[in-house]
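Peer 1: predicted coordinates and the sequence they were generated for:
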Amino acid sequence: MAEIAEVADGIYRLSLLRPPRGCVIHFIAGERTSLIETGPAVIIPGLLDSIRQLGYDPAKLDYIFLTHIHLDHAGGVGTFARQFPQVKVFVHPRGARHLVDPSRLIVDTKRAYGEKFEDQYGFILPVSEGQVRTLEDGEVISLGNRELRVIYAPGHCAHQMCFYDSKSEGLFSGDAIAAFGSNILLPGADSDLDAIIETHDKLLRLNPRIAFTSHRGALSDGLSAHIQAVRDNTKNCGDIILEALRAGEEQEQIARKIGSYEKEFIPAEYRLGAEELGNVISWYRNYFKKKGLA
């Protein structure tokens, strides 16, 4: 059973799976109805029921906007689009070909989630090329009574976008300002630390009134301070790890240093778990090695 809540005028949060298996879906009502994300394929039946509960017909949905194409955000877009050929799917140019031919996406998903990910998340199906449209940075899409502005937001992944809603002055932020319970951004395979910092600076200049996040619900009070904290924590942890790598320190020593930093600067409920911390340190190790910095 989905949890449905109106989080701004005409914007509804649909929660169908707990993280990390799925993300929050946002439904935008009005003259042109839209979804932000679809989640994995396994939730599509519940997603359709939720849209109907709101009094709308999925067969008349106009648009699906994807912040990025990771399984928890977009694994079900092919299943949805196949049932409803009228819907247009908006995606970053780097993600478009993987929607039309998801073979590489499936390989990467198996690597991240296991060979039998379909048993838990459902199948990744292709989207008809005629339904896919790419978006440029700064492009504005009219939904009739509101507009969504595209904001390229590389960091968590290179093909991530955010969407700024003119009516609510809100930001559909994907994983741009940290996911789940962490106040340190969790990088992906193609992340870039400089891009992460630039994205946070861009979002701070935008100064949205509210953020509709994909895993932490709506954030409004102290939003700018939250974005700043994620930016600073991500950069500072990178600096700590780089210094430790140059000193020849091992994973366990680095983990203790990051743990000490978290205890001093990050509330307990927003600290990395042991597995996440290990993954972050491994990512930074590989990143700095590729850059020739360590």
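Peer 2: Everything's here; your move.

Peer 1: for the chain, which helix is longest?
Peer 2: Determined from DSSP state H, the single longest helix within the chain is helix 223-246.

Peer 1: and that helix, what does it pack against?
Peer 2: Here helix 223-246 touches helix 193-206, strand 210-213, helix 251-265, helix 274-290, going by 3 or more Cβ pairs under 8 Å, 6 or more residues apart in numbering; DSSP states H and E. From N, CA and C alone the C-beta is placed, and that goes for glycine too.

Peer 1: which among these is found nearest to R97?
Peer 2: Closest to R97 of the helices and strands packed on helix 223-246 is helix 193-206 (Cβ to Cβ; 20.8 Å).

Peer 1: so what's the residue count around the closest residue to S142 other than its chain neighbours?
Peer 2: The shortest distance from S142 to any residue other than its chain neighbours is 7.5 Å, reached at R32 (Cβ to Cβ, 6 or more residues apart in numbering). When neighbours are defined as other Cβ atoms under 10 Å, R32 has 17 of them.

Peer 1: OK, contacts around R32?
Peer 2: D62, Y63, S142, L143, G144 (Cβ atoms under 8 Å, 6 or more residues apart in numbering).

Peer 1: just the buried ones from those?
Peer 2: The neighbour count (16 or more other Cβ atoms under 10 Å) marks D62, Y63, L143 as buried among those.

Peer 1: just name the closest of those to S214, please.
Peer 2: Proximity of these to S214 (Cβ to Cβ) peaks at Y63, which lies at 17.3 Å.

Peer 1: what distance do you get for the nearest residue to the closest one once chain neighbours are set aside to K291?
Peer 2: Leaving aside its sequence neighbours, Y63 sits nearest to S34 (Cβ to Cβ, 6+ apart; 4.2 Å). With distances taken as Cβ to Cβ, to the nearest Å, S34 is found 38 Å from K291.

Peer 1: same thing with I241?
Peer 2: 12 Å.
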